[in-house]
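In: this is a predicted model, with the sequence first.
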Number of protein chains: 2
Amino acid sequence: MRAEVIESLKQIVGEDWVLTSLDQTKGYLYDETEELMRPEAAEDSIVVKPGTTEEIAEIMKYANKELIPVVPRGGGTGLCGGAIPTETSIILSDERLNKIIEIDEENLMATCEAGVTLADLLEKLREYDNLFFPIHPGDEGAHIGGMVVENAGGAKAVRHGIMRNHVKGLEVVLPTGEIVNLGGKLIKNNSGLDLLHLMIGSEGILGIVTKATLKLYPESKYSGTLLISFDNRRDAIGVVPKILQSGIIPLAIEYMERDIALESAAHIGEKWPAEEGSVDVIVMLSENKEDDLYEKSEVIAELCEEHNAVYTMIAETTKEQRSILAVRSNVYTAVVHDAADALDMAVPVASIADFMNDIFALAEKYGARTPSVGHAGDGNIHNFIMRENGERPSYFDELKEAMYKTAVKYGGTITAEHGIGKTRVSNLAIQLSQKEIELIKGIKKVFDPNGILNPGTIVNKR
Amino acid sequence: MRAEVIESLKQIVGEDWVLTSLDQTKGYLYDETEELMRPEAAEDSIVVKPGTTEEIAEIMKYANKELIPVVPRGGGTGLCGGAIPTETSIILSDERLNKIIEIDEENLMATCEAGVTLADLLEKLREYDNLFFPIHPGDEGAHIGGMVVENAGGAKAVRHGIMRNHVKGLEVVLPTGEIVNLGGKLIKNNSGLDLLHLMIGSEGILGIVTKATLKLYPESKYSGTLLISFDNRRDAIGVVPKILQSGIIPLAIEYMERDIALESAAHIGEKWPAEEGSVDVIVMLSENKEDDLYEKSEVIAELCEEHNAVYTMIAETTKEQRSILAVRSNVYTAVVHDAADALDMAVPVASIADFMNDIFALAEKYGARTPSVGHAGDGNIHNFIMRENGERPSYFDELKEAMYKTAVKYGGTITAEHGIGKTRVSNLAIQLSQKEIELIKGIKKVFDPNGILNPGTIVNKR
């Protein structure tokens, strides 16, 4: 990076908050997609850590004038390369914007700076009697700002949907340096094209989120977990729509192929309780009354037995529940070290079984191993494509593209919750028409006429 | 309208589906904002009733080439002039797109053509055992397409939110004539800037919705209604956050000033049960178990008594419930004949009482009568500004602007659910910054470079 740029940025944020040596910056050149991104071309990037929204506005005005790419970065826990530079850039870290501004118990809203971690927010909420924030993308190191622009999902989408449903207000610095405030502590707001909802999920190409107002909810008092095993995928997944039609709305309905459950259990030294069957479904319940918990557990267990369940366990102790959920949530870390990619497709819930059968047939055709796990209650399955002898297999791109086309064939999406980022840009045309991509590029240009903010994310630079 | 235009449109949709005489078209020149719009300038408009998406695409290609304004129109039940022409236009009615394409019980989704009325959809759902669609803007003549582009709200937003939360897929004809399919039967979808959510609430300026896929839910079996009266507004509204914090999520929490309740009751020949107090709160509950209904009713009644309620009635019979709800839902028809405008502001729930006190102080200052009613559970209050001696009062614009500024002062919105349409364009700058308005105009231009689709809606034409 040119010396005059470094000097100008130091004048804005202060000497201490501009990192220039690769020693200091290399931790900012990666996210969780190490395998797919090659950020060597961006090693000359610098990291800037502004302390206020106004400083960010100054940085953007300067970068926009000088035409220097800016990559906004939150917790670096993303799974699509959204926060990674691919050329010499200003990496704008929000880590100093780490203040929880307000927990508003009357309106059930939290207002946070963008760099607040999910862990910080959840810890703060524990100080209150009865407050709950439902979105949990797995890694609590995620920053609120990143969760907003990546429209984070997670397991609890069955009951609570996605980040979008809970973001009510945003402060945003535009690529051209203006500060705008979108939305507020409002449940309904129809004043103009909805720039708030356009910003949610925009992966840092339209603006830098600096503050967010999030909806909170009263917390349910009792939670329970069921583990139900089946002999085959069709039975296991066939039960999911039945549960959803019963009127019971679980917190989560998760699905695991047995091989991946055993791998994860071994990884963390737990014993997997189910021996019968080959596919597991985990149902999480959360209720205000203990009776409801028992009653709903019974209804679900019966439904599963009618659907050929071969093993049913209603985990009653906290210890049992924790063990099952730990196995589920450690799948990623257990498998990822040997995975070439973690896919993130979703299809309509009723199509999961057919879709998965097609996916496994494809894998077999290529001789690939694709352990699978996912949020069955919302149709979102994560398929891993594994390495062979430590290397990305030769069929990797071809298989991935075939899998993406399969998802789209079932009316699905190539990315349910991880985002397009930089790693899926070349696949976007499988999902969207040329006209849609043209509209997205047009909108990008309205916000960022010089294309300086997070270039190469969602769409190619030109 | 020029004869060659009429001829070309007849070639696209067929002779019978182009209406040209004012006798036939005048019903299409108004919506529910009669008082505010003066569509005389548009009397030379014609009405076209295409039968397919492809015909709409043809019409748009033609209109875009010839630079003729097109005004998309659903049920005409809107409250912001969104579906009304203000110059010689093609009024594109979706009334022939009236097919419910699919009720998908497995995925809990309904797919409808845009011209299906809410009444039709609700009637269809009654054929099923247990299916529920939660959005109800009051008038069941509303078309699904209109409900999507106006992001309809209604009373049940307390539990179910707004239209946006339940629209999963859309087929849209763009102003330039291309057909795009956005989203699908998906709970999670992060593939690119979210054009689906940009289209929801876009008031017909970005495209014409031709089909929508909507989320359905299992229906709760038992419903109950509480009527609670208070001596003053602050007590009545102060109880709302307490109910929401209790962990009970009612279907609706409505608020009525007594004068308007009595006026509505008289209008439909019902007797209003409460004599004590001057402000009424109506709580609607909907539960799967009868016990829950009773238990939650008791909890709410106790909470209200702690908050100085002077009268509490738990309506047990269907007849009692219907009577109370009929009075609430007929407020609009009871009052509107003598109203100069129905406002639609919202503020954070905990600020309603202060906001309303400011509103009534403003009204007093101008000597205005502003009967008020609203969805207290989501902060959305409808204030009527009444006529004086049958005329719009001289202070009308000034008072309305002062009220809008008051909403914004409390972090609120000038329109919670009715939309900006054409009647609030001149007020938009009270809510949004110039930069936001500039962004909205920029997005509009990306979709509609020639500005032919619903011009003058949300933003001025240039």
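Out: Nice, thanks for sending it over.
In: please count neighbours and contacts with C-alpha atoms only from this point.
Out: Will do.
In: ranges for the strands of the stretch 301-450 of chain A?
Out: A:309-315, A:339-342, A:345-346, A:372-375, A:380-386 (DSSP state E, counting those that start in this stretch).
In: roughly how far is the shortest one from the heart of the chain?
Out: So that's strand A:345-346. 13 Å (Cα atoms, centre = their mean, to the nearest Å).
In: cool, and the first one?
Out: Its chain's C-alpha centre and that of strand A:309-315 lie 29 Å apart, by Cα atoms, centre = their mean.
In: restrict it to CA atoms and write it as CSV.
Out: C-alpha atoms of strand A:309-315 as CSV (Å, rounded to 0.1, in the frame of the first residue of the first chain):
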residue,chain,number,x,y,z
ALA,A,309,-38.2,-44.7,13.8
VAL,A,310,-36.0,-47.5,15.1
TYR,A,311,-34.7,-45.6,18.2
THR,A,312,-36.2,-42.7,20.2
MET,A,313,-34.5,-41.0,23.1
ILE,A,314,-36.1,-38.1,25.0
ALA,A,315,-33.1,-36.5,26.6
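In: give me the below-cutoff pLDDT ranges for chain A.
Out: Across chain A, the ranges flagged by pLDDT under 70 are A:34-38, A:462.
In: okay, domains of chain A per the record?
Out: If you go by automatic domain parsing, the domain ranges for chain A are A:3-95, A:100-218, A:222-331, A:338-431.
In: what's stretch A:351-361 in contact with?
Out: Here stretch A:351-361 makes contact (Cα atoms under 8 Å, 6 or more residues apart in numbering or on different chains) with A:233-234, A:237-238, A:347, A:370, A:376, A:379, A:403, A:406-407, A:410.
In: right, and A:Q431 touches A:V408 too?
Out: Yes. If you go by Cα atoms under 8 Å, A:Q431 and A:V408 touch, sitting 6.5 Å apart.
In: out of the two, which sits in the more crowded spot?
Out: Neighbour count, other Cα atoms under 10 Å in any protein chain shown: between A:Q431 and A:V408, A:Q431 has more, with 23 against 19.
In: A:D280 and chain B: what is the separation?
Out: In this view, A:D280 and chain B are 21 Å apart by Cα to the nearest Cα, to the nearest Å.
In: then A:G169?
Out: The span separating A:G169 from chain B equals 10 Å under the rule Cα to the nearest Cα.
In: please identify the helix or strand for that residue.
Out: Assigned by DSSP states H and E, A:G169 belongs to strand A:167-173.
In: can I get that strand in PDB, CA atoms only?
Out: In PDB, the C-alpha atoms belonging to strand A:167-173 read as follows (Å, rounded to 0.1, in the frame of the first residue of the first chain):
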ATOM      1  CA  VAL A 167     -33.100  -6.600  12.400                       C
ATOM      2  CA  LYS A 168     -35.200  -3.500  12.900                       C
ATOM      3  CA  GLY A 169     -32.800  -0.600  12.600                       C
ATOM      4  CA  LEU A 170     -29.300   0.000  11.100                       C
ATOM      5  CA  GLU A 171     -26.800   2.800  11.000                       C
ATOM      6  CA  VAL A 172     -24.800   2.500   7.800                       C
ATOM      7  CA  VAL A 173     -21.900   4.300   6.200                       C
END
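In: on that earlier part again, okay, the strands of the stretch 301-450 of chain A in a markdown table with mean neighbour count and distance to chain B next?
Out: As requested, the strands of the stretch 301-450 of chain A are exported to a markdown table (neighbours: other Cα atoms under 10 Å in any protein chain shown; distance: least, Cα to the nearest Cα, whole Å):
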| stretch | mean neighbour count | distance to chain B |
| --- | --- | --- |
| strand A:309-315 | 19 | 20 |
| strand A:339-342 | 22 | 15 |
| strand A:345-346 | 30 | 7 |
| strand A:372-375 | 24 | 10 |
| strand A:380-386 | 25 | 7 |
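In: distance to B:G201 for those strands - can I get that in CSV?
Out: Listed next are these as CSV, based on distance: least, Cα to Cα, whole Å:
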stretch, distance to B:G201
strand A:309-315, 44
strand A:339-342, 35
strand A:345-346, 25
strand A:372-375, 29
strand A:380-386, 27
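In: so which of these gets nearest A:I205?
Out: Comparing these against A:I205 with Cα to Cα, the closest turns out to be strand A:345-346 (22.4 Å).
In: same for the closest one, what does it pack against?
Out: strand A:380-386, helix A:396-409 (3 or more Cα pairs under 8 Å, 6 or more residues apart in numbering or on different chains; DSSP states H and E).
In: which residues touch it?
Out: A:378-382, A:404, A:407, A:412-416, B:186, B:188-189.
In: cool, stretch A:164-181 as well?
Out: Outside stretch A:164-181, the residues that touch it by Cα under 8 Å, 6+ apart are A:53, A:56-61, A:64, A:148, A:151, A:182-187, A:196-197, A:200-201, A:206-216, A:447-448, A:452-453, B:165, B:433, B:435-436.
In: which among those residues end up buried?
Out: Using 16 or more other Cα atoms under 10 Å in any protein chain shown as the burial test, the contacts of stretch A:164-181 include A:53, A:56-61, A:64, A:148, A:151, A:182-187, A:196-197, A:200-201, A:206-216, A:447-448, A:452-453, B:165, B:436 as buried.
In: enumerate every residue touching A:G442.
Out: Each residue near A:G442 by Cα under 8 Å, 6+ apart is listed here: B:443, B:446.
In: can I assume A:L293 is in contact with A:S286?
Out: Yes. Under the criterion of Cα under 8 Å, A:L293 makes contact with A:S286 at 7.1 Å.
In: distance check, A:D231 against chain B.
Out: From A:D231 across to chain B, the span is 22 Å (Cα to the nearest Cα).
In: list the contacts of that residue.
Out: Applying Cα under 8 Å, 6+ apart, the residues near A:D231 are A:276-279, A:308-310.
In: just give me the closest of the residues you listed to chain B.
Out: A:N308 (18.5 Å; Cα to the nearest Cα).
In: burial measure for that closest one, as a count.
Out: 15.
In: now the one 10 residues further on
Out: Around A:T318 there are 11 other residues, counting by other Cα under 10 Å.
In: for A:T457, same thing?
Out: 28.
In: hang on, isn't it packed against A:K422?
Out: Yes. With contact defined as Cα under 8 Å, A:T457 counts as touching A:K422 (4.8 Å).
In: helix, strand, or coil at A:I237?
Out: When classified by DSSP: H, G, I helix; E, B strand; the rest coil, A:I237 comes out as helix.
In: with adjacent residues omitted, what lies nearest to it?
Out: A:A353 (5.9 Å; Cα to Cα, 6 or more residues apart in numbering or on different chains).
In: from A:V239, how far off is that neighbour?
Out: Between A:A353 and A:V239 the computed distance is 10 Å (Cα to Cα, to the nearest Å).
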